[in-house]
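1. after the sequence you'll find the predicted model.
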Amino acid sequence: MAAQGRAREEVLSDLRSFKAGDIDWAHGRAPLFVFKGDDQAHEVGREAFFEYFSENALGAKRAFHSVRRMEEEVLDMALDLFHAPESGRGFMTTGGTESIIQAVQTCRDWTREQRGKPGLRGNIVAPESLHPAFDKGARLMDLEIRRAPVGPDFRADVAAMEALIDENTMMLVGSAPCFPYGVIDPIAELGALAQRRGLWLHVDACVGGYLAPFARRIGRDIPDFDFSVPAVTSISADLHKFGFCPKPASTVFYRDPDKARLHAFDFNAWPNGRFSTATIVGTRPAGGVAAAWATMQFLGVEGYERVARELMEFIDRYKAGVGAIDGLQVLGRPHLSIVAFGAQDFDIFAVAERLSAKGWLPGLVQRPKAIHRMMSLLHAPSLDEYLADLRECVTAVRAETAAPSSLEATY
């Protein structure tokens, strides 16, 4: 640390210069990490975040009542969006991983209580496309994850999952959509399995939760995935992905209060008295709550439908453009904004290497080998440029006989 502080403009100038080596995400060259829907909504969310720049959402119950109000209103809007019954309950978190870990913990504690086995080491049965956040939660709680192969359509294979269930199984999981392939698992069929076997069904809608309802409203074929499926017990959904809200903002929901009561952390055996929090973290930015509230208020149903229409029409053009390049095939039938495509007669990772040399950060899938992109409207202006570069890279790779690429898929 410098002995004396530096001038404000000098510090900020350095800060801006640091970005020079970053991927140009603003022009659609990153395949994930940043999401954008509407320019005006982006600005509203940004302004709302800084309006609550200093407040701490940990103090929402006692000090910052406005933050608590906004949090409750965000959750009420989402519960309605996901067709929750009147008894439904929800909580805001800082991200999808936290939402998932808390849902797993709540399921574990409820299962132990129901089965009268306080030391139960349960297992979770899911398709192999399950997000690693569940494995992170399982490691923290000493649980087991059992992954079943997906079907030829890259969706969860319900029969394969049922074969992995035993007396210690506590949770089934389906995704809406899964991250690797962008397809929504057959949640209704998983619901029937959960009901038949008396199990908790969690839907990981971290990617698609705040896009799928509006895509359906504009006429897209979106399978049932939320509380409209009777057996769905809990749902995780990220506002800072396709709710187009500033980070950090995610949500987790439970069908009924009997399960939701086990979500929070509550402790009283220390000098300062009762400590209760509904998140794994303590301090969290109130700006994330305020920005989510402001973005949802600004867009409303009409705004989200408009963004969904623009985004899905762009995705249609993207898939058609990829399919028009000789040798490329889109994996499965993606329902929303994640699209992965591969090739049978050449190494698609070699194509990714060439795209990287042109300034595109490649997203990759390792099984089967594919190029992966989770797109928002940030990617729309650069569509033609991307497809032209992709076509050029494919042509070059097909013309050479080089050794297979040494690239490895990394999230």
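-> On my side now, so go ahead.

2. bridging residues for Arg373?
-> Beta bridges link Arg373 to Val339, judged by DSSP bridges.

3. any idea how far it lies from Pro334?
-> 10 Å (C-beta to C-beta, to the nearest Å). To be clear about C-beta, it is placed using only N, CA and C from the backbone, and glycine gets the same treatment.

4. now do the shared contacts for the two.
-> Overlap of the contact sets of Arg373 and Pro334 (by C-beta atoms under 8 Å, 6 or more residues apart in numbering) consists of Ala340.

5. pLDDT weak spots in the stretch 51-200 of the chain?
-> Low-confidence segments of the stretch 51-200 of the chain, defined by pLDDT under 70, are absent.

6. quick one, helices of it?
-> Per DSSP state H, counting those that start in this stretch, the stretch 51-200 of the chain carries helices over the ranges 65-81, 96-115, 133-141, 158-162, 187-197.

7. before we move on, back to that, neighbour-wise, which of Arg373 and Pro334 wins?
-> Arg373 (23 against 20; other C-beta atoms under 10 Å).

8. and the more buried one, how far from Glu128?
-> 21 Å.

9. just Ser17 next, same as before
-> 43 Å.

10. the two - which one has more neighbours?
-> Just comparing Ser17 and Glu128: by other C-beta under 10 Å the higher neighbour count belongs to Glu128, 16 against 9.

11. that one and Val150 touch, don't they?
-> Yes - if you go by C-beta atoms under 8 Å, Glu128 and Val150 touch, sitting 5.9 Å apart.

12. what comes up buried for the lengthiest helix in the chain?
-> Taking DSSP state H as the criterion, the chain has its longest helix at helix 286-323. Within helix 286-323, the residues scored as buried using 16 or more other C-beta atoms under 10 Å are 286-299, 303-309, 311-312, 314-315, 318, 321-322.

13. now do the buried residues in the very next helix or strand once past that helix.
-> Using DSSP states H and E, the helix or strand that follows helix 286-323 in sequence is strand 328-330. Within strand 328-330, the residues that count as buried by 16+ other C-beta under 10 Å are 328, 330.

14. please renumber the chain so that the first residue is 597 from this point on.
-> Sure, I'll start counting at 597 from here, so that last one is strand 924-926.

15. mind checking how far Val769 is from Ser1002?
-> From Val769 across to Ser1002, the span is 33 Å (C-beta to C-beta).

16. so which of the two has more stuff around it?
-> Val769 (30 against 8).

17. can you pull up the bridge partners for the residue nearest to that one when sequence neighbours are not counted?
-> In space, not counting the residues next to it along the chain, Val769 is nearest to Ala722; the distance is 3.9 Å by C-beta to C-beta, 6 or more residues apart in numbering. Beta-bridge pairing for Ala722 (DSSP bridges): Arg743.

18. correct me, but Ala722 touches Cys774?
-> No - contact criterion C-beta under 8 Å: Ala722 and Cys774 do not qualify, at 9.6 Å.

19. Met666 is in contact with Val886, correct?
-> Small correction: residue 886 is Ala, not Val. Yes - assessed by C-beta under 8 Å, Ala886 is found in contact with Met666 at 5.9 Å.

20. would you map the strands across the protein?
-> 685-689, 719-723, 740-744, 765-771, 796-800, 828-834, 846-850, 861-863, 871-873, 924-926, 934-939, 959-962, 965-970 (DSSP state E).

21. using TSV, lay out these together with distance to Ile818.
-> Output for the strands of the chain, formatted as TSV (distance: least, C-beta to C-beta, whole Å):
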stretch	distance to Ile818
strand 685-689	21
strand 719-723	19
strand 740-744	23
strand 765-771	13
strand 796-800	13
strand 828-834	14
strand 846-850	18
strand 861-863	35
strand 871-873	34
strand 924-926	18
strand 934-939	14
strand 959-962	22
strand 965-970	17
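
22. Ala756: which of those is closest?
-> Distance to Ala756, taken as C-beta to C-beta, is lowest for strand 740-744 among the strands of the chain, at 3.9 Å.

23. re the thing from before, could you check how far the residue nearest to Val769 is from Leu739?
-> Counting by C-beta to C-beta - Ala722 and Leu739 are separated by 12 Å.

24. show me which of those two is the more surrounded one.
-> With neighbours defined as other C-beta under 10 Å, Ala722 and Leu739 compare such that Ala722 has more, 27 against 22.

25. quick one, what contacts that one?
-> Contacts of Ala722 (C-beta under 8 Å, 6+ apart): 730, 741-744, 752, 757, 768-770.
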